[in-house]
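K.L.:
predicted model and sequence below, questions to follow.
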Amino acid sequence: MEQQLETKKVVIGRKANWFDNDGAAMKLTLRRKLLAILLLVNAVLISAVYYANQLAFEKSFREYLQNSSRAKLTALMPTIRENFSLYGQSWVAKHHPQWPRLVGKFEGRSDTEIEQMMKRPRKRPPKHHRQDGRGEGKPQREPNGREGRPPRPKHKSPARLVFKSAEDELLIGRPKSKHTALWQPIYQNADNTGRLLGHIGIANGMEISNSLDALFASRQKHWFLGIAIVAMIVSSLLAIPFSRFLVAPVLSLREAAKKIASGDYKPPFKSYSKDELGQLAQDLNTLAATLAENQRSRQQWIADISHELRTPIAVFKAELEGMIDGVIESDEEQLNSLYEEINRLTKLVDDLHQLSMSDRGSLSYKMAMCTLNDVISHTFDSHAATLKTQHFVWSISGSKEVVLSCDESRLAQLFYNLMQNTLRYTDASKEVPGRINVHVEKSNEHVCIQWQDSSPGVAPELLPKLFDRLYRVDQARDRASGGSGLGLAICASIAQAHNGKITAKRSELGGVNFEIVLPIKH
C-alpha cells in the first residue's frame with residue numbers, strides 16, 4: 001500500500017513538473033506577442049481588402065450590366081418610335097405582332113428567326129395531376145416531366161422586356177417589375193425631346209439575372225477568396241522570421257543587461273542601428289561605463305580613506321610608543337603634537353560623516369531668508385588675523401544686500417572651506433602678498449559668486465577633479481599643506497543641496513576662480 005502511494009506521488013510530481021515546464025514554455029513572450037499582432041493586422045488588412053474588392057467588383061459589374069442593358073434599350077428606340085407613329089399605344093400588347101418582333105430584336109434574333117417564332121403555336125403550360133383522387137395509381141411525375149431523373153438545375157430567367165405608359169401604368173410585365181426593372185424613358189424625338197411616349201424596361205435589370213453573368217460573378221468571388229487565403233498564408237509564413245528578426249536585438253539587450261547585473265561592466269556590444277533599439281544599446285553602454293567608473297571611484301575612495309586614516313593613527317601610535325618606552329619625553333610639546341593629530345583625525349572623520357549623510361539625503365538644512373553679503377563678510381572678519389599674518393589682501397565687490405533663501409550655517413561652511421583652501425594653497429609673502437577677490441552679481445533668478453585667488457594655478461584638465469573626494473593636485477596643492485581633500489567636495493554637496501552648482505575655472509589673478517551659482521528663491 002505504501003509502495004503504491006509513493007508511486008502515485010512520483011507520477012503526480014512528474015505531471016506537476018511537466019505542467020510547470022510547459023507553462024513556462026508557453027508563456028506569452030515578446031516574440032509571440034509581436035507575431036500575434038502581425039497576424040492580427042494581416043488578417044484584418046486582408047479581410048478589409050477582400051470585402052472592399054467584393055463590393056467594388058459587384059458595384060462595377062452591376063453598373064457594367066446596367067449600361068449594357070441601357071445600350072440595348074437605346075438601340076430599340078427607333079423601332080419603338082416608328083411603332084408609336086403607326087399604331088399608337090395599341091401595339092404595346094403581347095397579342096400584337098409588333099411586340100414579339102421587338103422582343104426578338106432585343107434578344108438578337110434575325111428577321112427570319114422572328115418570323116418563324118411568330119408562326120409557331122404557343123405552348124400551353126403542362127397540366128398538373130388532379131388532387132381529387134382520380135389520378136391515384138398513376139406514377140407521380142416531376143414538374144419537368146421526367147420520371148426518376150434528377151431535376152434540371154435552375155437558372156435565373158432571361159432578361160424580359162416590360163413596358164409602362166407615360167402615366168406610369170404597367171402595360172406589359174409583372175406588377176413587381178414596376179419597382180425592380182431597369183427603365184428607359186421614350187420621347188417622341190430622337191434627341192430625347194418632345195412628348196413622353198412611355199418607358200421601356202428590362203425585368204430584374206437592376207440585378208444580375210443572366211446565368212452566364214451570375215456564373216462569372218460567382219467565379220470572381222471564388223478567385224478573390226482564394227487570393228485572400230493565399231495572401232494570409234504567405235503573410236503568416238513571413239511574419240514568423242520577421243518577428244524573430246525584430247526581437248533579436250531585444251534578446252541581445254537582455255543578455256547585455258544580465259552581464260551588467262553580474263558585475264561585468266565592459267561595453268556590451270556595438271550597435272550600428274539608429275532607431276530606438278540602437279539608442280537603447282548606446283544608453284546601455286553608457287550605463288555600463290558609468291557603473292565601471294563608479295566601481296573604480298568606490299575602490300579608490302576606500303583606498304584613500306584607509307590611507308588618510310592610517311597616517312594620523314600611525315603618527316599617534318608611534319609617539320605614544322616612544323613615550324611608553326621612554327624614548328620621547330612626555331612634555332607639553334609632545335602632548336600638543338598628539339592633540340593636533342587627534343584634531344586632524346577628528347576633522348577628517350567629521351568630514352567623512354558629513355559627506356555620507358549628504359549622500360543619503362539625511363543631512364538637515366534649515367532654509368531661511370538671509371543676506372549673502374553678511375555671510376561673506378563674516379567669513380573674512382573671522383579670518384582677519386590669519387589673513388594679516390599670512391600676508392593676504394582681499395576685496396568684496398558687486399551687488400549689495402543680496403537676499404536669498406538658504407541655510408546660513410551651511411553656506412558659511414562653504415565659504416569657510418573656500419577660505420581654508422585659499423590659505424593653504426596660495427603663495428603669499430610680505431613682498432608679494434596673496435590676493436583674494438570676491439565678486440557678487442545678481443540677476444532676476446540667480447546670484448553668481450566668484451571667489452578668485454592668486455597663484456599658483458591648476459592645469460585646466462585638472463580643474464573638474466578638484467571637487468572629487470580626497471583628490472589633491474600633485475605639485476602645488478599637496479598633502480604637506482595639511483588638507484584632507486574633502487573640503488571642496490563638501491562645498492559641492494552644499495551647493496547642490498541649495499539647488500545650485502559650483503565650478504572651478506582659471507582665475508584672472510593667476511590662481512583658481514570658484515564660481516558658485518545659487519537660486520534667489522527655492
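P.N.:
Everything's here; your move. All values reported here derive from a predicted model rather than from experimental measurement.
K.L.:
in the stretch 401-522 of the chain, which spans are strands?
P.N.:
For the stretch 401-522 of the chain, the strands defined by DSSP state E, counting those that start in this stretch occupy 403-406, 434-442, 446-454, 501-506, 510-519.
K.L.:
turn those strands into a markdown table, columns for mean neighbour count.
P.N.:
Using the backbone N, CA and C atoms, a C-beta is placed for each residue, glycine as well. Shown next, in a markdown table, are the strands of the stretch 401-522 of the chain (neighbours: other C-beta atoms under 10 Å):
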| stretch | mean neighbour count |
| --- | --- |
| strand 403-406 | 19 |
| strand 434-442 | 19 |
| strand 446-454 | 22 |
| strand 501-506 | 16 |
| strand 510-519 | 21 |
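K.L.:
nearest to residue 266, of those strands?
P.N.:
strand 501-506 (31.7 Å; C-beta to C-beta).
K.L.:
wait, which of the strands of the stretch 401-522 of the chain is closest to residue 238?
P.N.:
Closest to residue 238 of the strands of the stretch 401-522 of the chain, according to C-beta to C-beta: strand 501-506, at 54.5 Å.
K.L.:
contacts for that closest one, please.
P.N.:
Where contact means C-beta atoms under 8 Å, 6 or more residues apart in numbering, the residues beyond strand 501-506 that reach it are 414, 457-458, 460, 463-464, 466-467, 491-492, 495, 512-517.
K.L.:
let me see the mean pLDDT of it.
P.N.:
Averaging pLDDT along strand 501-506 yields 93.
K.L.:
so that strand versus strand 446-454, what angle?
P.N.:
30 degrees (axes from the mean of the first three to the mean of the last three C-alpha atoms, to 10 degrees).
K.L.:
which residue ranges of the stretch 201-350 of the chain form helices?
P.N.:
Taking DSSP state H, counting those that start in this stretch as the test, the helices found in the stretch 201-350 of the chain are 211-261, 276-325, 332-360.
K.L.:
reformat these as TSV; add distance to residue 56, mean neighbour count and mean pLDDT.
P.N.:
What follows is the helices of the stretch 201-350 of the chain, written out as TSV (distance: least, C-beta to C-beta, whole Å; neighbours: other C-beta atoms under 10 Å; pLDDT from 0 to 100):
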stretch	distance to residue 56	mean neighbour count	mean pLDDT
helix 211-261	10	14	82
helix 276-325	39	14	78
helix 332-360	70	14	75
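K.L.:
so can I have CSV of those showing distance to residue 204?
P.N.:
Formatted as CSV, the helices of the stretch 201-350 of the chain follow (distance: least, C-beta to C-beta, whole Å):
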stretch, distance to residue 204
helix 211-261, 11
helix 276-325, 60
helix 332-360, 89
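K.L.:
quick one: closest of those helices to residue 110.
P.N.:
helix 211-261 (21.2 Å).
K.L.:
who are the packing partners of the closest one?
P.N.:
helix 30-75, helix 276-325 (3 or more C-beta pairs under 8 Å, 6 or more residues apart in numbering; DSSP states H and E).
K.L.:
tell me how far the longest one lies from the chain's centre.
P.N.:
Centroid separation for helix 276-325 versus its chain: 41 Å, with C-alpha atoms, centre = their mean, to the nearest Å.
K.L.:
repeat for the shortest one
P.N.:
For helix 30-75, the separation from the chain centroid amounts to 32 Å (computed by C-alpha atoms, centre = their mean).
K.L.:
tell me which other helices or strands that helix touches.
P.N.:
strand 182-187, strand 196-202, helix 211-261.
K.L.:
tell me the pLDDT of residue 209.
P.N.:
59.
K.L.:
please apply the same query to residue 17.
P.N.:
44.
K.L.:
and residue 511, what does it touch?
P.N.:
422, 426, 452-457.
K.L.:
return the residues in contact with the residue nearest to it when sequence neighbours are not counted.
P.N.:
Nearest residue to residue 511, sequence neighbours excluded (C-beta to C-beta, 6 or more residues apart in numbering): residue 453, at 4.0 Å. If a contact means C-beta under 8 Å, 6+ apart, then residue 453 has 422, 426, 434-437, 507, 509, 511-512 as its contacts.
K.L.:
if you set the cut-off to 10 Å instead, what comes out?
P.N.:
By C-beta atoms under 10 Å, 6 or more residues apart in numbering, the residues touching residue 453 are 392, 394, 418-419, 421-423, 425-428, 434-438, 507, 509-514.
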